[in-house]
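[1] Show me how the following folds:
(4 chains)
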There are 2 protein chains.
Amino acid sequence: MSTRDRLVESTRELLRERGYTGTSPKAIQQRADAGQGSMYHHFAGKQDLALAAIERNNEEMTAVAERELSAPGTPYERIEAWLRREREILRGCPMGVLAQDPEIVGSDDLRSPVAGHFEWLRGRLRDVLAEGDLDVRLADTLMAVLQGGYVLARAANDTRPFEDAIEGAVGLLERAAAG
Amino acid sequence: MSTRDRLVESTRELLRERGYTGTSPKAIQQRADAGQGSMYHHFAGKQDLALAAIERNNEEMTAVAERELSAPGTPYERIEAWLRREREILRGCPMGVLAQDPEIVGSDDLRSPVAGHFEWLRGRLRDVLAEGDLDVRLADTLMAVLQGGYVLARAANDTRPFEDAIEGAVGLLERAAAG
DNA sequence: GTCTATAACCTGATAGAC
DNA sequence: GTCTATCAGGTTATAGAC
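    From the prediction side, this is the model:
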């Protein structure tokens, strides 16, 4: 792995663990085993590093969700599979934690790529919901259950609130899909 | 307002605007128009200030939710009223933003009071759901829709995802309450 | 209760040698 | 590409005078 790649991977890990505000260039360098000069050779600074990390997150997360949402099965089944996918709940959602960081929310340059991922997902979910004759506004409801589930689980330091939130949503959706 | 009270109110504002990690004692002093020595006379440090701010948030938010959930009306109507209450969406939930801050999640001293608020709300919602013969796990689902709605809205810098998430949830809940 | 001084370290970078 | 030196300012306090 190149120094550049190690810097990006270290940034991704640290952004998820500590958020943008809580992540320093120094910590990134240490985790990547790269020097100060090396880091500033490859990237213009902290924001530039974060943008590269967000782009990688976006690529990976989009690929995973697309696989589930375009799999064989009914619209309900595909959405259920996406909702129930195993997640590292207490580590937080790699994109969601960024969407909550005040410094990211306050900067259009940093916020836009995060917003872009959620826009893509919203659109993709709406397609599948429409295919199943379901209310397309449920795209936001279901995405919110996931993001809020992370919030509640991390507050409780327990995965249970996340799991209950998902099961409750699956139950309601099943009813709507059947009806 | 006493210096002490101004310090607590300034801390509440800053925690909501910038999170725990992004809030410095210096910024609190400046907003409260209090000196360094004054702040350290009233509080042991940043964490102590945050604990006082979280406690005030808890008192206020508990009172507001309790009013809605114990109002006259059917269980469905009371939950709908709570879900649809007007909120300052793009400022984020005062408790939710704390539940997402890595430094808070990583410290039991800071996380516990935040967790306590959500536990209270979960219990109160379960009471109302049970009264309406609804699945009590929906307490977490509905709380998650709210928290996740904030996340999506702030990512988009637009209240629409929050509003759609809530409307979708109200629709599903109405169906379940009718069924 | 409030003030100023001091501390030791971190922050996010820039400069220029190698 | 990577290194070390340097920088102005912030961070989270503690100490002791007033």
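[2] From now on I want contacts and neighbour counts done on CA atoms only, so please keep to that.
    Noted.
[3] wait, doesn't A:Leu134 sit right on A:Ala178?
    No - with contact defined as Cα atoms under 8 Å, A:Leu134 does not reach A:Ala178; the gap is 10.2 Å.
[4] Those two: which is more packed in?
    Using other Cα atoms under 10 Å in any protein chain shown as the criterion, A:Leu134 and A:Ala178 rank with A:Leu134 on top: 19 against 8.
[5] Nearest spatial neighbour of that one, chain-adjacent residues omitted?
    A:Ala177 (6.9 Å; Cα to Cα, 6 or more residues apart in numbering or on different chains).
[6] Name the helix or strand for that neighbour, please.
    Using DSSP states H and E, A:Ala177 falls within helix A:160-178.
[7] now the residue of chain A at minimum distance from DNA strand C: how far from chain B?
    At 3.1 Å from DNA strand C, A:Ser24 is the closest residue in chain A, using Cα to the nearest atom of the strand. For A:Ser24, the distance to chain B equals 12 Å [Cα to the nearest Cα, to the nearest Å].
[8] and that residue, backbone torsions?
    Here is the backbone geometry of A:Ser24 (degrees, to the nearest 10): phi -110, psi 150.
[9] quick one, what contacts it?
    Listed by Cα atoms under 8 Å, 6 or more residues apart in numbering or on different chains, the contact set of A:Ser24 reads A:Lys46.
[10] just to revisit the earlier point, same question for the helix holding A:Ala177, mean pLDDT?
    In this model, helix A:160-178 has a mean pLDDT of 97.
[11] dump the residue contacts of the spatially most central residue of chain A.
    Central residue of chain A (Cα atoms, centre = their mean): A:Met95, 3.1 Å from the mean position. Applying Cα under 8 Å, 6+ apart to A:Met95 gives the contacts A:54, A:57-58, A:114.
[12] Please list the members of those residues that lie in helices.
    Judged by DSSP state H, helices contain the following of the contacts of A:Met95: A:54, A:57-58, A:114.
[13] Sort out which one of the residues you listed lies nearest DNA strand D for me.
    A:Ile54 (20.9 Å).
[14] now for the ones in helices among the contacts of A:Met95, which pair is the farthest apart?
    Largest separation among those by Cα to Cα: A:Asn57 and A:Val114, giving 9.4 Å.
[15] Just want to know which of those two has more residues nearby.
    Per other Cα under 10 Å, whichever of A:Asn57 and A:Val114 has more neighbours is A:Val114, with 26 against 18.
[16] Kindly confirm whether my reading is correct that A:Val136 touches A:Arg126.
    Yes - between A:Val136 and A:Arg126 there is a contact under Cα under 8 Å: 5.0 Å.
[17] Where do the strands of chain A begin and end?
    Remark: no strands are assigned in chain A by DSSP state E.
[18] just for it, where's the confidence low?
    When residues are selected by pLDDT under 70, none of them lie in chain A.
[19] and chain A, which residues reach DNA strand D?
    A:3-4, A:34-41 (Cα under 7 Å from any atom of the strand).
[20] Helices - which of the residues you listed land there?
    A:3-4, A:36-41.
[21] quick one on the thing from earlier: could you redo the ones in helices among the contacts of A:Met95 as TSV and give each row distance to chain B?
    Converted to TSV, the ones in helices among the contacts of A:Met95 look like this (distance: Cα to the nearest Cα, whole Å):
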residue	distance to chain B
A:Ile54	13
A:Asn57	15
A:Asn58	14
A:Val114	7
